Every structure is written in structure tokens, then in C-alpha cells.
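In: the sequence isn't on hand, but the structure is:
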């Protein structure tokens, strides 16, 4: 049984947990916590386990860092039994995964270590559902973290450098890189750009995020919409290639402009066609069930018919 009583110990006896997925501790956030501790003390005890003469932190590394910086002589702790490495990593995920200030890329690195530790113990890689369960994450979160690990190393290094900045100074985020990677991959998978151009386009889009030319995180999704418009033969492949290369060459050319210059009209018309099909189907079911059209719906349908007539006869 774990000793659940609270002890007061010298913070110098504690050491950080090497399995903590949290690697980034921003000075501005620590300063705010440090001021709170200076005024009120540590209100929530740290959770630790004993490892020889040291006490290893399971929960409370930020509080510990602030206590050391403040020169506190005693901090409250609760001691848990020492876990093995697999359970240690699992406990770190279970304790911290719900915290919003956890950065995804360091978490992805630790998730890989958890996966490797499981494989070493079990003689096989964990299934996605198993990995999600032992990491206390959803399967969607696991997939997202694995996508981060699939990024080229230069982008992961760039993101780690960005994460070390105060949040207010961060420009490039994990979502920027993931959305851009997905969008450029959609063009390459359909043969609209080469592998070399894919990397050039990804770099160009990320630089446009940095420069403020693109300020919508999900703007790269329009690259996939261009690719799908080509696949549906609504837009010539040559047009998609032209706007893609201009995105690479022209630092002021945005994805919104590229989309407008290529697939905007076709994408709009395709979307309207789908809406018309669904409306027609619902009306058929509605009338087929013997319902009568009420005045509000009748008025809206008449207004829609007038709009359609003006488009068709123009």
C-alpha cells in the first residue's frame, strides 16, 4: 500500500522524472506560478516515488522548479510505490494527459518510448486501441501524435525551437505543420507536384504563415480541395500545377488566391450539386409519406425557385 500521508521534505532531495513527456517549461508561465507559491506556498502536495536516496517526481515538476528557485527549505509530498519503467510512463500520461498546457510534440516522443517499452515486454507492437488505453489517450489523439513523428526531422526540430518561446511569441504551431503536410501530400498523391515540389511547397506555405500572408490555420485544406477538383475532372491538372508553383515562387501569393484562381467555382458548384441532391431526396421522402407542405416551407421553396430561375435564365 502507498503511504498517503503528507511529508515535508527538502526540495533538493527531489529529481525530475526522466519519463515525463513534458519537456518545455516556459519562463513566463513558471514566473506566474512562482509568484503564487511565494505568496501562498505550495497548496497541493507533489506526488513522488523513492529511488534509493532520491525522490522522483510523478506529479508536480513545475511546483518543484519554482520551490528550488525560491529557495524553499520544505515542500509537501506524498510518496507512492516505485513503478517499473512501463508503468512509470503510463502513470505520467495518466496524470498529465488532460492538462491543456501539454505540448504535443514532446508528448509524441514519449508516446513512441511507451510503444517501444510495450513491444519489448509483449514481443509485439501494441495495437492502436491498446496504445491509446495505456497512454490514457483517445485513438484520435494517438493517430495525431504519430503523424507528428512522421514529419521530417527538420520540421520537428523547428517546432521544438518554437515551443521554447513564450506562447505569445509562437508563430508556427503543430497544427500549421500538420495541415500543410496533409494539403501538399494531397497534391503529390494525385501527381500534380513532384516529391521535391511537395517539400518546397510545404516550406513556402509555412513561411507564409510566419510572414502573415496566410493567417488561417486550416487554409492548407484548400490544397486538397484543388486536388479533388482535378480528380473529378472539374479543373485541368495544368491549372493546379500552375497555382502550386506560383505558391512556391511568389512569397505574397496566398492559398486563398490559389484556390480562387483554380478550383473555387468548381468546388462551389460541386457543393451546391450535393445540396440539391440531398434536398431533392428529402422532399421526395417528405411528399412520399403524404405530408403537406406548410406555408413557411412553401414560401422558402418559392424564394429558392425564383433564385434558381434567375440563375438558369441569365
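Out: Yep, that arrived. If you're wondering where the values come from, they're calculated on a predicted model, not measured in any experiment. Numbering: from 1, shown residues only.
In: just the terminal-to-terminal distance for stretch 161-176.
Out: 15 Å (Cα to Cα, to the nearest Å).
In: now do that stretch, average pLDDT.
Out: The average pLDDT within stretch 161-176 is 84.
In: which residues in the stretch 101-250 of the chain form helices?
Out: 104-122, 128-134, 139-149, 153-163, 174-189, 195-211, 221-231, 237-249 (DSSP state H, counting those that start in this stretch).
In: buried sites along the helix or strand hosting residue 31?
Out: Secondary structure from DSSP states H and E places residue 31 in helix 27-40. Using 16 or more other Cβ atoms under 10 Å as the test for burial, helix 27-40 gives 34, 37. The C-beta positions use only the backbone N, C-alpha and C, and glycine is treated the same way.
In: residues in contact with it?
Out: Here helix 27-40 makes contact (Cβ atoms under 8 Å, 6 or more residues apart in numbering) with 62-63, 65-67, 69-70, 72, 101, 166-168.
In: redo that, cut-off 7 Å
Out: 62-63, 65-67, 69-70, 166 (Cβ atoms under 7 Å, 6 or more residues apart in numbering).
In: likewise stretch 62-77?
Out: 6-11, 14, 25, 30, 33-34, 37-38, 42, 45-46, 48, 55, 57.
In: ok, stretch 176-192 next?
Out: 147, 151, 155, 159, 193, 195, 198, 201-202, 205-206, 209, 217-218, 220-221, 223-224, 227, 230-231, 237, 240-241, 244.
In: what pLDDT does residue 303 get?
Out: Residue 303 is assigned 89 on the pLDDT scale.
In: would you mind measuring from it to residue 310?
Out: Per Cβ to Cβ, to the nearest Å, residue 303 is found 11 Å from residue 310.
In: tally up the residues packed near residue 111, please.
Out: 25 (other Cβ atoms under 10 Å).
In: residue contacts, the spatially closest residue to it that is not a sequence neighbour?
Out: In this structure, residue 111 finds its nearest non-sequential neighbour in residue 145, 5.1 Å apart by Cβ to Cβ, 6 or more residues apart in numbering. Residues in contact with residue 145 (Cβ under 7 Å, 6+ apart) are 104, 107-108, 111.
In: need the residues you listed in CSV (columns: distance to residue 287 and pLDDT).
Out: Formatted as CSV, those follow (distance: Cβ to Cβ, whole Å; pLDDT from 0 to 100):
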residue, distance to residue 287, pLDDT
104, 50, 86
107, 53, 88
108, 53, 91
111, 53, 91
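In: of the residues you listed - the most surrounded one?
Out: residue 111 (25 neighbours).
In: surely it touches residue 135?
Out: Yes - Residue 111 is in contact with residue 135 according to Cβ atoms under 7 Å; the separation is 6.0 Å.
In: of all the contacts of helix 27-40, which comes closest to residue 294?
Out: residue 166 (56.8 Å; Cβ to Cβ).
In: count of residues packed around the closest one?
Out: 10.
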